[in-house]
Each structure stands twice: as structure tokens, then as C-alpha cells.
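# can't give you the sequence, but here's the structure:
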């Protein structure tokens, strides 16, 4: 009896595994369970796995394997907010959602159609790889450009556009028989700290939430979204004590009651510091469940979480009725999923993974979101191709044969690549911050890969790109500018540019985005270029 | 009739494909055929594919797919000279062969046993992934430390040791039913230019070849090696006109005649500049075949190569007898291969890919080849962890969670990572080359990942590590030194170190090598460490 109950409770957990097959390939062994443990937990009834890492082909094998290991129907999900290719190489990697928010302000209907195709592309490819749950759309309104964690992941900067686009994504994704997930409830857009590290505070009252944060969630719920993910946020106006993830006021009274949501409520990862620094794994799971969550994502310790839930049922803290309701919601959600394609000749299946219309969608999104400044092509070098990244190590956007390296090289611009671990390129002089004497001579093509932190420039300790631009212009050495990712950085820099200077912005950072952007600056495909679909920029 | 002949000739080609499944994942689209072309060529009888890129799981799927596409038995090979994991993540990645040459000078029997296990590990894992041909061992004698392309890939610096170890590898690999390949005939060890870029010259006469270059090939042939790969080298003493790959004097008179080799002769890649700059794809293939090669590796244009061979047969330049002999040698070689494991639950198969004794072999090789200098542990920081790489982009040895980054960080050493694309860390002062004012303060842990070019320091334009060591010592700032890869660099630097300074050398560069080396310097495993087998350094 206890065994059966334990098994039911295990079904409410979603644990994390690697999309790679072998333990030695795990990128984050602290969070990704080794195979032996994963197999044991699935055998004991654990009901879901969130996957990260691996190629499309590996994921296809992996999801088959996990289903074999599981005792019953399994939720298989991934944080693929920007196309399945964002995480699993070989699938479509699309420009970040915020690009469609920008389009929406000019062409709302076109933006909505594209958001639905975006969702359809994500859902269809997820299903082909054996996933049945996409952890998107982000329903947060990105009305705070300093937000370090939401930013371009959001669909828009206004509640109306975010709602229209996020719900279009939900329709597209779920039409493919794959569950979507609106997140992070009740809204993570207006925060400037990172809930992976600490617990952010949202100081707004209910009226403000109704006006700004909640409309996109209402729209997603109206569109039938199967799941809602909670935010690790403090909302004193609703709950003076508990963060949203653990708050009955937020999950039960607001989400279930006021918003009438009848689907699955899933926590954000409980292993995140915002929760795990304050509660043990058993207590965190019980508190979340008591507050109104159905599913517990990434508990710091799965066995402890199951034991905690079991004890809570045994002592009556969790009622049988409440447990039955969550189990029923899980069953209902799973019943909405179209079955994964049967196992077969996996690679032959995958040859058609990206359909022509999906390749076309990638291209259309890149083209429409590209902003070109000036009309002159980039002048030939010799010169310096100065590339700025968050990190060079295992950067999927910059394979060795990336267009951002090879095309400028063909024009005579030799690469220097900066990241926060590079030897300092800074002079210490705020008026001329770049130590030009340490860099190659000649005209400079500046390529900035920035997203997340939008580098406001005014704040201390951040990279002074506006001053660098002024410095290069004063020295007569700015040949061109490319910004990949943050629209806020682009908006900060573009006004500083002479009218004819070759420059462009793409919200995408992937090799295709580089190809499209550099093509507009007059840089043709380089012979050795790789890492993306042939003919992408034909 | 012509169709059948064309098909036979196609069987003599080995073309290049990506180990990844989708065209968009190809790293080198110029050399890796797209799937449609690969499928067509295999359908037309092309007899072999050389694969690069992809994980073990992807390769397993890929080789199945290629076999399905092929009209008949297929040679599937890869440049896995240092374990299958050198190229295909998830399999065993072993220390470079030269480490065993070093051991051989002290413990020859142990070194030979380990070389055979090395071959067995490579052969067994290759077969599990569907390969039937390992393009190793390198039989070149690395008697020229300035050699930019052979270096640590060779088994030894003496002909005797190279022969003993390479033939042990052959026995181990072929005992697993996987063909080996001795390369690069007649010996590429004593060159200091790179045949990928130009045609190196070997100025030695036949007596010298008999004394130094040829013994390892004779040993491999005695051990029954199935194949020999040619070198793109000019040997004026043997052939005034043609490089070895295209020389009948080298391939037919020396290799087949004098050395009595009856197995498969395969060219090195004909697409390499040393050949392709001088001959078109059709003529290069015909010349190689006329010279005595059986198989044509990576012609610049497969269709042109087949047409060229067809025409050469039709006009009598290639006789039916000669063609029949090559086809027979190919059949004989294929008959020696144990069949690939049947397709099945690919990932479950792969869980046992690396056997405990193979994990033990990796560890033993790392432990025995590690050289520790001094006995003191690394002192705690704060300080600077200065890491030098050939490139940071897609560096498999340095995942974001690599021990070389995380363990020093846990001790207070913040990372600065250098590669040739970094902003310059150099002062321009030969006596104090490192611009210390651009780097973090405090004691410096220097970690150098160098192989291939051994950085002799004396030559102009190379990185002045001996002077850097002297500079840091004079400033009282050298906390520790780790060299991964080149024994020549280590031998140059070690004499400069104070007796107690914490320092060590490993011929391996992979995360496991870092873990073993840093453990010896007193740096315990970091909690987030990943990218290699759990428990490796227990």
C-alpha cells in the first residue's frame, strides 16, 4: 500500500538527466543524474525527466531509452524556448522570441502567425525526438531591460503583445500533440536579479499584476496551455512569507482560483538557490505541493522529496483528495500528448527532422528581425575582427568554421576573440577604454555577442562599448559593427554610428544569423564555412 | 559491362563523411559530403567512408545508416589513433602513444603489454560503434621534436621501440576483428613541415631508411597489419619525380617488393595540398593506383576519380590483372573483419561501451605517464590560473566544467585563458615577455596545453615560455606549472624550476589528465566538475 502510494508520489517528480547517453558525457554531473540512478528512479515510478545536452540524434535514442526504463507513461521535457535546436544540435534553432515582439508593434498579424509557426516547429521537432513537453512559452513581460535572466527569452515588452504571441506559440506547439508550459508565474519580467542565485523581489500590488504581469498568462490559459511553471520570486503584496513557488496565495488562490487554471502546475527547479538555500529537499517539495503545485521539478534530492511527500500524506498534511487531483491532472495532460514516433531507423527518421517550411521559418525570422544601418559594404582589410562573447569554451554559436570568423578573414580581418576570461584588452582610460596598442592594426570590425545582461554602459564594472565606439571613430578605425542578441545594446550603440557606417543587428547569435547579417554587410560565404544548413543564404 | 567496371572501381574509393547525422552538423562542409551525395556514391559502389565528428551514439547510428546505403560490404574507418574517444565522445580517450615510448625505455615489457591493450581497446570500441578499420598505428619514428604533425602521435623516438609498440597495437586491434593501418609509409617522423600544407622532403638514402624509418613498418607487417597508408613526402633517393603516395618505387618496389607487404595499400588523403596542388582529382587517383595503391582516400572529387580510373582501365593504363589484385586485397581485408554488432537498442548497447578494464587502462596510462616535479602542494590563492590553449573554440579538452578550470578556482585561482586569438598578453620585452600589469595579481598557476608544435622557444615568433617562467620566478609569482601534451616543452621548462615548486607533466590533455595531474598537486575534485567518468580519480 505504502509502495503503491510511494510510486504515485514519485510520479509527481521531474528529475534531470543528460541528453547524452553516457555518464562520462554529462556536462553538469552535480545536477544530471547518472544512468544507474535515473534507471532506478524511473523504475520506482518517477514521472518525468528534464533533458539538456546532446544532439538531436542522441536525444532520439535517449528518450527511447528513458521510456523503456520507466514503469509507465513519462513526461519528457526540455527548456527549448528558442526551437529544439537551441539545445539539441541538428534541430531548428530560431531567433529569440523578443524578435517577434518587436515585429508585433508594426505587423501584429504577421507576428502572431509566425509565433504560431514557431510553436508548431518546436512542438513537431520535440515530438520527433521523443519529447512530449516543451518548457515554453516564457509569458513574462520584458519591461525591465536590465533583467539578467528573462530578456530576449520573453515574447514582448508589452502585456498585450506578450499574450498574443505566447498564446499563438501555445496553439502551435499543442496542435502538434506536445504540451506547452507558460512560465514563470506570476511574472518574472520586472526583476533585475537572478533567481538562480538569489530570491528576487517583485514589489507590485495586485492591480499592477492584473495590468502587466498576468495578461500573458491569462491569454496562454485561454489558449489551453497544458502547464504553468512557477517563479522563484517574492511577492510581498500577495504573500509576505513564501516565494511564489511555495505560496498558496499565488498558486492556489490566484492561479487556480482567480485565473481558473485547471492544468498542471509545475515548480521551477527546486535545486535553485532561491529555494534550496532556505528549505531542505523534502520540505521544499511538500511546501510546493501544499501551495498548489502538481509536479516537483529538479528536487535537490529525489528520494528525499518522495519520502517527504509520503510522510506528508501519512500524517495528513497532504489529503488523498489533493493527491488524487494532481495525479488526475498529470493523467489528463499525458492523454493530450500524441505518441512519440515509433523507434526505427533513427537516423533515417532524422533526415527529415527539419522540414523545408521550418528552414524557411528560420530564415524568415532572421531576415525580418535583421536591422541594417548604413548602406556601404564593409571595406576590405587588412584589419581586425574583434569578437566579443560571454565565453569561448563550448560556444555553440561560434564553431571554428563560423561565418563570424571566416567571412571577415576572407576580407582580410584577422580575429581577436574576447571573453571575460581573456587577457585584458582594457586600457583603464574611460575615454579610450580599448588598449589599441595590444591589438592588431588597421580598421576594426566589431562583433558583439551579448544577451542576458544588456550592458547598460553607465553602470560601473561593465564593458564600455559606447566609449569603445567613440574611441574607434575618433581614431578613424571603426570599419563596421555587428550586434548579435541584445536589442538594448544595439539601441544604445546605433545612435553613435555615422550614417554610412556598415553595421547591423540580429537578435540571433547562431551561425545562420551571422551569415545573414554579414551577407547584408557585403561579406559573401567563405569556402570552409560550416555548422549550419547549406544554402541558407543562397 | 562498363557499369559493372565502374562499380568495381568505385569500390576502391574511401570518401569522407561526417559522423553526425544531419548535414547542418557538418563541421567541414568542404570535405564532408552531404548526405544526398554520400548516399548516391555508396549506391554507386563507393567502397569506404572515413568519418570524423559526432558522439559515440551518433557514430553508432551513422555507421548503420551508411551500411544500409551501401550496395555491398563497406570499409568504415576513422583517425582514432588515441582511442576511439579521441574523435567520438563517450568512448575511451587515451594518452598519446608517445607516452608508451617513454615507458618502453625503462619497462619495455610493460609498455608492450599496454600497447596491445591500447590496440584492443581501440579495436573493440571501434567495432561496437560500427567501424571496421582503425587508421593507426602511426609507425613514424619521432626523431625530430620539431615535427609539427607527427610528434606525440608516434609511438616512440627509436625505431626499435616504435616497431615493438606499433606492432603490439596492431595485434590488439586486429584481435578484435578490426583492421589496423600502419602509417605514413615510408616514414613521416623526420620532417619539419606539414604535408597538409606543402610537400615535405625526406633527404635520406636507402641505408638510412633501412636503419630508422622502415623497421616499425617491417614490425607491423610481421604482426600482420591489414593496411599501410602512404605519406605525402618527397624522397629524392628513391624517386626523383613523384612523392611517395604516387611513386611506384616506394609503393611497389619498396613496400610490396622489398618489404613483402601483401595487404591493402591506401593513400593518405588526396585532397591534401601536397597532392591536390599538383594533380587534378582524376590524375591523382590514377597515378596513385599505378604506383601501387589499392585504395584512394578522400579524392578531391569522387566522381572525377572514378571516371579517371575507368578511363585508365579502358585505355590500358591499368590492366585487368592489376585491378583484380586490388579488388581481391580489399575482399581479403573485409573477410578479416568481425561483423559489427547487430542494430538494436543502440543506447543500451552503448552503456557498456567502456569496459571497467578499459577505464582502468586509461587511468593506468595517465598515472604512469605523469611526471611530478617537487613535492609541495599548490599554495592557496587568491591568484591567477593562466591557461594556454591552441584554441578555445570547441576545445574538447576544456569543457566549461573542466578540472583545469574548476579545481584552481576552488583554491582561489581565477582563470585567464590564452590562445592565438586572444588579446596580446605579451609586453614586447624578451626578458619579461608577459605583460603582468594586464593580468590578475597574485601567484600564478601556469597551465600549458601544447602538442604538435613543441615551441622550441629559440625560434622567432613563438611563445617564450622559458622566459615567462624566469620572469615569474624573478617576480616571486610562480605558484605552479602544469604541462599537458608535449614532452619537449616540459623538458625545456622543468630544468628551470626550483626543486620544491609544484609542477607536473601529463602527455594527455583530456579532463581526466587534468584531474590526475591536479590531484598530484594537491587539488581535490571540485563539486561541479564534469565531462569525464565519475570516480576516475577516487
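On my side now, so go ahead. Computed from a predicted structure; not experimentally measured. Numbers count the residues shown, from 1 in each chain, chains lettered A, B, ... in the order given.

# C-alpha only now, for contacts and for neighbours.
Noted.

# Contacts for the host helix or strand of residue A:109 next, please.
Assessed by DSSP states H and E, residue A:109 sits inside helix A:108-128. Helix A:108-128 has contacts (C-alpha atoms under 8 Å, 6 or more residues apart in numbering or on different chains) with A:60, A:80, A:82-84, A:91-92, A:94, A:100-101, A:103-104, A:132-134, A:164-166, A:168-179, A:338-341, A:350, A:353-354, A:358, A:361.

# cool, stretch A:46-56 as well?
A:7, A:9-20, A:26-27, A:70, A:72-79, A:85, A:87-91, A:129.

# Ends of that stretch, what's the gap?
In stretch A:46-56, first residue to last residue: 24 Å (C-alpha to C-alpha, to the nearest Å).

# tell me the mean pLDDT for that stretch?
For stretch A:46-56, the mean per-residue pLDDT is 95.

# follow-up on the earlier one: selecting buried members of the contacts of helix A:108-128 in PyMOL, what would you type?
Per 16 or more other C-alpha atoms under 10 Å in any protein chain shown, the buried members of the contacts of helix A:108-128 correspond to this PyMOL selection:
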select buried, chain A and resi 60+80+82+83+84+91+92+94+100+101+103+104+132+133+134+164+165+166+168+169+170+171+172+173+174+175+176+177+178+179+340+350+353+354+358+361
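
# Which members of the contacts of helix A:108-128 are positioned in strands?
A:133-134 (DSSP state E).

# Keep the contacts of helix A:108-128, but drop any that are not near chain B.
residue A:350 (C-alpha under 8 Å from any C-alpha of the partner chain).

# how near is the spatially most central residue of chain A to chain B?
By C-alpha atoms, centre = their mean, the mean C-alpha position of chain A lies nearest to residue A:81, the distance being 4.5 Å. As judged by C-alpha to the nearest C-alpha, to the nearest Å, residue A:81 and chain B stand 20 Å apart.

# Let me know the pLDDT of residue A:347.
64.

# before we move on, what about the one 10 residues further on?
The confidence metric pLDDT takes the value 95 at residue A:357.

# Strands of the stretch 351-500 of chain A, residue ranges please.
Assigned by DSSP state E, counting those that start in this stretch, the strands in the stretch 351-500 of chain A fall at A:371-373, A:383-388, A:413-418, A:444-450, A:478-485.

# can those go into TSV with extra columns for mean neighbour count?
Shown next, in TSV, are the strands of the stretch 351-500 of chain A (neighbours: other C-alpha atoms under 10 Å in any protein chain shown):
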stretch	mean neighbour count
strand A:371-373	19
strand A:383-388	23
strand A:413-418	22
strand A:444-450	23
strand A:478-485	25
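
# Mind putting the ones you listed into CSV with mean pLDDT and distance to chain B?
Compiled in CSV, the strands of the stretch 351-500 of chain A are given as follows (pLDDT from 0 to 100; distance: least, C-alpha to the nearest C-alpha, whole Å):
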stretch, mean pLDDT, distance to chain B
strand A:371-373, 97, 25
strand A:383-388, 98, 9
strand A:413-418, 97, 5
strand A:444-450, 97, 14
strand A:478-485, 98, 18
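
# quick one, what contacts residue A:218?
Counting by C-alpha under 8 Å, 6+ apart, the residues that residue A:218 touches are A:163, A:259.

# For the strands of the stretch 351-500 of chain A, give me a markdown table that also has distance to residue A:216.
A markdown table is the format used below for the strands of the stretch 351-500 of chain A (distance: least, C-alpha to C-alpha, whole Å):
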| stretch | distance to residue A:216 |
| --- | --- |
| strand A:371-373 | 27 |
| strand A:383-388 | 34 |
| strand A:413-418 | 38 |
| strand A:444-450 | 26 |
| strand A:478-485 | 23 |
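
# coming back round to it: of the contacts of stretch A:46-56, keep whichever come out buried.
A:7, A:9-20, A:26-27, A:70, A:73-79, A:85, A:87-91, A:129.

# Of these, which belong to strands?
Going by DSSP E, the strands hold A:13-18, A:75-78 from the buried ones among the contacts of stretch A:46-56.

# Identify the farthest-apart pair in these.
Largest separation among those by C-alpha to C-alpha: A:13 and A:18, giving 16.3 Å.

# follow-up on the earlier one: now do the SS call for the nearest residue to the residue nearest to the centre of chain A once chain neighbours are set aside.
Nearest residue to residue A:81, sequence neighbours excluded (C-alpha to C-alpha, 6 or more residues apart in numbering or on different chains): residue A:136, at 5.2 Å. At residue A:136 the chain is in coil, as set by DSSP: H, G, I helix; E, B strand; the rest coil.
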